[in-house]
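Engineer: All I have is the shape, not the residue letters:
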């Protein structure tokens, strides 16, 4: 069956194409700038294909800043937050979706109410607490605050698990399975698409976080990759070398891009399934 090219369909396609271009063009320009010489960045008309191609920018980023150390620190924080935070959020979601315990709805509403508090408001109280216990200039504030900041994942996974058949619990109990076994062997595998989608979002938020590392971490050896890239602006005395900054940005974005391309199928399936159930 051939698709009808009606005016609404064509209009929607054009709008989606324009929206897609607004996201793709900056990414293409970033890659293009990372391969240019500094004098060609502000050339008019803009030069999309660098001529000549300057690969030295990707060599320089490892020499002028501690990019490797920043990538390692970001990896430690992100893997800890995503790994442990996903486990905590999924267990909490299973409890709120399928278990019965006193004041469950009230506790869930209290959990959701914490989402209304902007994270920036908590920075000053957190700073005083972390300073008193000696966590400033370490990675602990970034990891601990990230573990406690998975309310959004808990909410989405709870909604997803609530749509799964409750009869699975009764069948598992007959087979002698306890609640943790029901969660780990049945509901966790069935929720893998929703978990994968939320893992991508949490990974992006943690990896790209700039404000919290800037506030809680002071020494260059403990800085995350986003703070390290920002320090490039102060490295050059006269003018920022934008091709080097863009080269560092390309390297920093690669983990997020690889994760998204790897889990894209689960990401799409999660939203498609949620739309069908809704």
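Structural biologist: Yep, it's here. Quick caveat, the model's predicted, so the values are computed rather than measured.
Engineer: List the contacts of residue 244.
Structural biologist: Contacts for residue 244 (CB atoms under 8 Å, 6 or more residues apart in numbering) come out as 57, 60-61, 64, 232. For every residue, glycine as well, the C-beta is placed using N, CA and C.
Engineer: give me that answer again for 10 Å
Structural biologist: 33-34, 38, 54, 56-61, 63-65, 229, 232, 235-236 (CB atoms under 10 Å, 6 or more residues apart in numbering).
Engineer: give me the element it is part of.
Structural biologist: Assigned by DSSP states H and E, residue 244 belongs to helix 242-277.
Engineer: residues near residue 189, how many?
Structural biologist: Each residue near residue 189 was counted by other CB atoms under 10 Å, and the total is 9.
Engineer: Sorry, slip of the keys, the one I care about is residue 87.
Structural biologist: Neighbour tally, residue 87, other CB under 10 Å: 14.
Engineer: next one: the one 5 residues further on
Structural biologist: Here the neighbour count serves as a burial measure; for residue 92 (other CB under 10 Å) it reads 20.
Engineer: can you check the one 5 residues further on too?
Structural biologist: Using other CB under 10 Å, residue 97 has 21 neighbouring residues.
Engineer: and what of the one 10 residues further on?
Structural biologist: Other residues within reach of residue 107, judged by other CB under 10 Å, total 14.
Engineer: Need the nearest residue in space to it, chain neighbours excluded.
Structural biologist: residue 96 (7.8 Å; CB to CB, 6 or more residues apart in numbering).
Engineer: just how off-centre is the strand or helix carrying the one you found within its chain?
Structural biologist: Here residue 96 sits within helix 67-98, counting by DSSP H and E. On the basis of CA atoms, centre = their mean, to the nearest Å, helix 67-98 sits 10 Å off its chain's mean C-alpha point.
Engineer: One more: stretch 202-218?
Structural biologist: That offset, for stretch 202-218, works out to 11 Å (CA atoms, centre = their mean).
Engineer: tell me the average confidence for the helix holding residue 96?
Structural biologist: The pLDDT scores in helix 67-98 average 91.
Engineer: following it, which helix or strand comes up?
Structural biologist: Counting by DSSP H and E, what follows helix 67-98 is helix 104-113.
Engineer: pLDDT weak spots in this protein?
Structural biologist: Within the chain, the ranges that satisfy pLDDT under 70 run 1-5, 148-149, 234-240, 266-278.
Engineer: Nearest residue to the middle of it?
Structural biologist: In the chain, the centroid-proximal residue (CA atoms, centre = their mean) is residue 204; its distance is 1.6 Å.
Engineer: Tell me if I'm right that that residue and residue 252 touch.
Structural biologist: No - Residue 204 is beyond contact range of residue 252, at 11.8 Å (criterion: CB atoms under 10 Å).
Engineer: any residues in contact with both of the two?
Structural biologist: By CB under 10 Å, 6+ apart, no residue touches both residue 204 and residue 252.
Engineer: Tell me where the stretch 151-278 of the chain has helices.
Structural biologist: 151-162, 167-174, 179-182, 188-190, 192-207, 211-216, 225-230, 232-235, 242-277 (DSSP state H, counting those that start in this stretch).
Engineer: Would you convert those into a markdown table that also reports distance to residue 48?
Structural biologist: As requested, the helices of the stretch 151-278 of the chain are exported to a markdown table (distance: least, CB to CB, whole Å):
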| stretch | distance to residue 48 |
| --- | --- |
| helix 151-162 | 37 |
| helix 167-174 | 54 |
| helix 179-182 | 55 |
| helix 188-190 | 46 |
| helix 192-207 | 27 |
| helix 211-216 | 33 |
| helix 225-230 | 23 |
| helix 232-235 | 23 |
| helix 242-277 | 14 |
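Engineer: For residue 25, find the nearest of the ones you listed.
Structural biologist: Residue 25 lies closest, by CB to CB, to one member of the helices of the stretch 151-278 of the chain: helix 242-277, at 14.0 Å.
Engineer: tell me the contacts of residue 21?
Structural biologist: Contacts of residue 21 by CB under 10 Å, 6+ apart are residue 28.
Engineer: same check, this time on residue 18
Structural biologist: Taking CB under 10 Å, 6+ apart as the definition, residue 18 has no contacts.
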